[in-house]
Structure formats: structure tokens, C-alpha cells
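Engineer: Please work out how this folds:
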Amino acid sequence: MRPVITRLRTRAYQFSLRTGKAPEEVLGDFAQRRGHTLLELAFSWLLAQSPVASVIAGATRPEQLEQNVKAGGWKLSPEELAEIDRITAG
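Structural biologist: Okay, the predicted model is just below:
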């Protein structure tokens, strides 16, 4: 698992050098322009990945459970997925 974490950190670092922003900031802006949160984007992106059929997320408060359920309702279009790929390209 360590090589995967190292690759993700390297990719995030390269992204920050290229854009001057943290990946979560740019992706948060992407989601906000579409009326969604970063959490909703994360769930939607995960659900769009084959063969992912469900996303398991913890919730300790009723509001968190509501947010998690709402997050699964955004189906990313092929164009949005392509834009996310462009944003996060290493």
C-alpha cells in the first residue's frame, strides 16, 4: 500500500506546483460551480469508477448520514469526468 500513497502524494505535490493550489481547492471549486460539495464530488467520482458498486462512509451524526445519502445522487457526466481527469492529470 505504501507505493500507492507515495504516488498519490507525488501527484498532489506536482499538481500544487503546476497550479499554485491544492487539489482539493480546485476540485472544491469544480463542485461548487455545479451546486455541489467536495464530499458529493468524491462520492460521485468513486461511484463512476468501474467496478465500484457502492461507497462505504462512516457517519456519527444524523446530518452526516443525510450528506452521505445526498452525495450519491450526483451522477457525473462523461464531460465532467473528463474535466476531472484533466484537472488531476499528473
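
Engineer: what separates the spatially most central residue of the chain from residue 17, distance-wise?
Structural biologist: By Cα atoms, centre = their mean, the chain has its centre lying nearest to residue 42, at 3.1 Å. Using Cβ to Cβ, to the nearest Å, we find residue 42 at a distance of 23 Å from residue 17. C-betas here are computed from N, CA, C, even on glycine.

Engineer: Kindly report the same for residue 40.
Structural biologist: 28 Å.

Engineer: For residue 44, give me the pLDDT.
Structural biologist: We have a pLDDT of 90 for residue 44.

Engineer: typo on my end, it should be residue 75
Structural biologist: So residue 75 comes in at 92 (pLDDT).

Engineer: What about the residue lying closest to it once chain neighbours are set aside, how many residues nearby?
Structural biologist: Nearest residue to residue 75 in three dimensions, chain neighbours excluded: residue 44, at 6.7 Å (Cβ to Cβ, 6 or more residues apart in numbering). Using other Cβ atoms under 10 Å, residue 44 has 22 neighbouring residues.

Engineer: Distance check, residue 44 against residue 17.
Structural biologist: 27 Å.

Engineer: just residue 76 next, same as before
Structural biologist: Distance of residue 76 to residue 17, given as Cβ to Cβ: 27 Å.

Engineer: Who has more neighbours out of those two?
Structural biologist: Comparing residue 76 with residue 17 by other Cβ under 10 Å, the one with more neighbours is residue 76, at 18 against 8.

Engineer: element containing the residue nearest to residue 75, please.
Structural biologist: If you go by DSSP states H and E, residue 44 is part of helix 38-48.
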